[in-house]
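In: sharing a model prediction with you, sequence too.
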Amino acid sequence: NAGVTQTPKFRILKIGQSMTLQCTQDMNHNYMYWYRQDPGMGLKLIYYSVGAGITDKGEVPNGYNVSRSTTEDFPLRLELAAPSQTSVYFCASSRSQRGYTFGSGTRLTVV
Amino acid sequence: SQELEQSPQSLIVQEGKNLTINCTSSKTLYGLYWYKQKYGEGLIFLMMLQKGGEEKSHEKITAKLDEKKQQSSLHITASQPSHAGIYLCGAEETSYDKVIFGPGTSLSVIP
């Protein structure tokens, strides 16, 4: 079982560049989430989705965009990368808003 | 918005010793989650607590929920090097809502 798959695992971006972090789940979960993890700060919710076509902002949405065109995919877009977006990004999914399954993360450095 | 605090921030114990990690919420606790994160990896679900006074165990890890104190504790008995990692608590902002996370507790176990 693949579960939640995130790509890439590592990425270095220059300031002002853009990129998309990919997240795919094969469990037919309706709910999907993007978190960022900074040292000593735990996980902060960026965006979440309760189903295809529906997204909503979390705690720290500024500088990011998401879309949910299918149940399986929930990509996170960074349009103008800034050093403050250096972090580890985790995608998660759940069937009923309880019991999240997390991906293995994407480590992003903006220089 | 709800905030979660965890104590201690970090912990170093000798193998075989018992330890406790606490998670305190600024608001009423609904679903309370404990996750473990090995360094550089994703989050692994440990257990979820829902009701006041509830206690759950998995192998040598026990978690309790004190609804009145808005607090949960995670207790590890006879710690082993395999217990090392970051322990994060998460709580639903309202019942069956998205989860916010505490800052995490870093645990090292010395053989």
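Out: Cool, got the structure.
In: and residue 103, what's its pLDDT?
Out: Picking chain A for this. Looking at residue A:103, its pLDDT is 93.
In: wait, chain B
Out: At residue B:103, the pLDDT value in this model is 93.
In: is it true that it touches residue A:37?
Out: No. Using Cβ atoms under 8 Å, residue B:103 makes no contact with residue A:37, being 9.9 Å away. For the C-beta atoms, the positions are set from N, CA and C on the backbone; glycine is no exception.
In: chain center to stretch A:6-25, what's the gap?
Out: 9 Å (Cα atoms, centre = their mean, to the nearest Å).
In: what bridges to the most centrally placed residue in chain A?
Out: Centroid-nearest residue in chain A, with Cα atoms, centre = their mean: residue A:34, separated by 3.3 Å. Taking DSSP bridges as the rule, residue A:34 bridges to residue A:47, residue A:91.
In: and it, what does it touch?
Out: Residues near residue A:34 by Cβ atoms under 8 Å, 6 or more residues apart in numbering or on different chains: A:21, A:23, A:45-48, A:58, A:64, A:66, A:74, A:76, A:89-91.
In: which of these sits closest to residue B:53?
Out: The closest of those to residue B:53 turns out to be residue A:45 (Cβ to Cβ; 28.6 Å).
In: show me where pLDDT drops low in chain A?
Out: For chain A, the stretches flagged by pLDDT under 70 are A:1, A:97.
In: go again with 90.
Out: A:1-2, A:39-42, A:59, A:79, A:95-100 (pLDDT under 90).
In: tally of neighbours for residue B:94?
Out: Residue neighbour count, defined by other Cβ atoms under 10 Å in any protein chain shown, stands at 11 for residue B:94.
In: up against chain B, what does chain A have?
Out: When proximity is defined as Cβ under 8 Å from any Cβ of the partner chain, chain A approaches chain B at A:33, A:35, A:40-45, A:48, A:58-59, A:90, A:92, A:96-105.
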